[in-house]
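Q: I need the structure of the sequence given here:
(chains A and B)
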Amino acid sequence: MSKPGTLRVTTPSDREIAMTRAFDAPRRLVFHCLTKPELLKRWGLGPPGWSLVVCEIDLRVGGAWRFVMHGPDGTEMGMRGVYREIVRAERIVQTESFDDPWYPGEALNTTVLAEEAGETTLTIRLLYDSQEIRDAVLKSGMERGVAEGYDRLAGLLDSLRVGEVK
Amino acid sequence: MAPDRLDATFAALADPTRRAILARLAAGDASVTELAAPFAMSQPAISKHLKVLERAGLISRGRDAQRRPRRLEAMRLAEANEWLERYRRFWEGSFERLDALLDELKTKEKKRGRAKR
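A: As a prediction, this is how the structure comes out:
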């Protein structure tokens, strides 16, 4: 059994949000899990109760991808985009936008897989059109953006705990 | 928690001075003068930050009419933290399932490798 890694969320630049997570497997396998619909549907996207009901991937530059997720209360969330760059087992660059848009424009998603001693580090960077949009995502309390807020809050809570001990 | 309240909380937490003020208030109530002391900032500038924190529900004012000490609203922080933890679990749940799937794929490959030999 592999041990679950720690999910880290950072803001590498004014317009970006990044997520990093390590997996105990070669990057070739991680790449399969990120790009093959039959595998993607198995680890899904979301908490228990959510499922990936539509997962279409045309894995070539200029090819489209489309996901639709169903929630336990009948909520439906659709996402789509186009592949811009594909380096097998190493790197994927794709656009992404939501059917029900909650920020203007598209985000550019860059996924990088780095392997060391059989362990793969997955990094997902999301680039938005402007700092205003990135900040709006961070403040919206929705989707990925919240994780950055969580990081800020975690730091704050740590400092508060120090205060309590005194 | 209502989404607009969350917006206000994240906006309030996005500033280092305001985070420092909250950390200070975690050690105990403090007046505006006391809060302004560690910062190279005018009292009106600190008051502006305090207004943002107050609107976000992160601090409140004490009864003492003279000092008007500010107090940390710890419940509000705990609520925000709980909401954010749910969000983190949104991703972590998926990645834990991916861990399990990768284990399964590795085992299958090993078996296939042995069968070939």
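Q: could you count how many residues lie near whatever residue of chain B ends up closest to chain A?
A: Distances between chain B and chain A by C-beta to the nearest C-beta are smallest at B:A26, namely 3.3 Å. Using the backbone N, CA and C atoms, a C-beta is placed for each residue, glycine as well. Using other C-beta atoms under 10 Å in any protein chain shown, B:A26 is surrounded by 19 other residues.
Q: also the one 3 residues further on?
A: The number of residues packed near B:D29 is 17, by other C-beta under 10 Å.
Q: what's in contact with stretch B:62-72?
A: With contact meaning C-beta atoms under 8 Å, 6 or more residues apart in numbering or on different chains, stretch B:62-72 is reached by A:160, B:21-22, B:25-26, B:29-32, B:35, B:50, B:53, B:58-61.
Q: 6 Å - rerun?
A: With C-beta atoms under 6 Å, 6 or more residues apart in numbering or on different chains as the test, stretch B:62-72 has contacts from B:25-26, B:29, B:31, B:59-61.
Q: go on, stretch A:63-73?
A: In contact with stretch A:63-73 (C-beta under 6 Å, 6+ apart) are residues A:45-46, A:49-58, A:76-83.
Q: and A:V61, its phi and psi?
A: Dihedral pair for A:V61: phi -60, psi 130, per degrees, to the nearest 10.
Q: what about it, neighbour count?
A: A:V61: 11 neighbours (other C-beta under 10 Å).
Q: residue contacts, it?
A: If you count contacts by C-beta under 6 Å, 6+ apart, A:V61 has them with A:Y83.
Q: remind me, longest strand of chain A?
A: Identified as the longest strand of chain A according to DSSP state E is strand A:76-87.
Q: mind checking if that one is in reach of chain B?
A: No: residues of strand A:76-87 are not located near chain B by C-beta under 6 Å from any C-beta of the partner chain, the shortest gap being 11.5 Å.
Q: helices or strands next to that strand in the packing?
A: Counting by 3 or more C-beta pairs under 6 Å, 6 or more residues apart in numbering or on different chains; DSSP states H and E, the packing neighbours recorded for strand A:76-87 are strand A:64-70, strand A:91-98.
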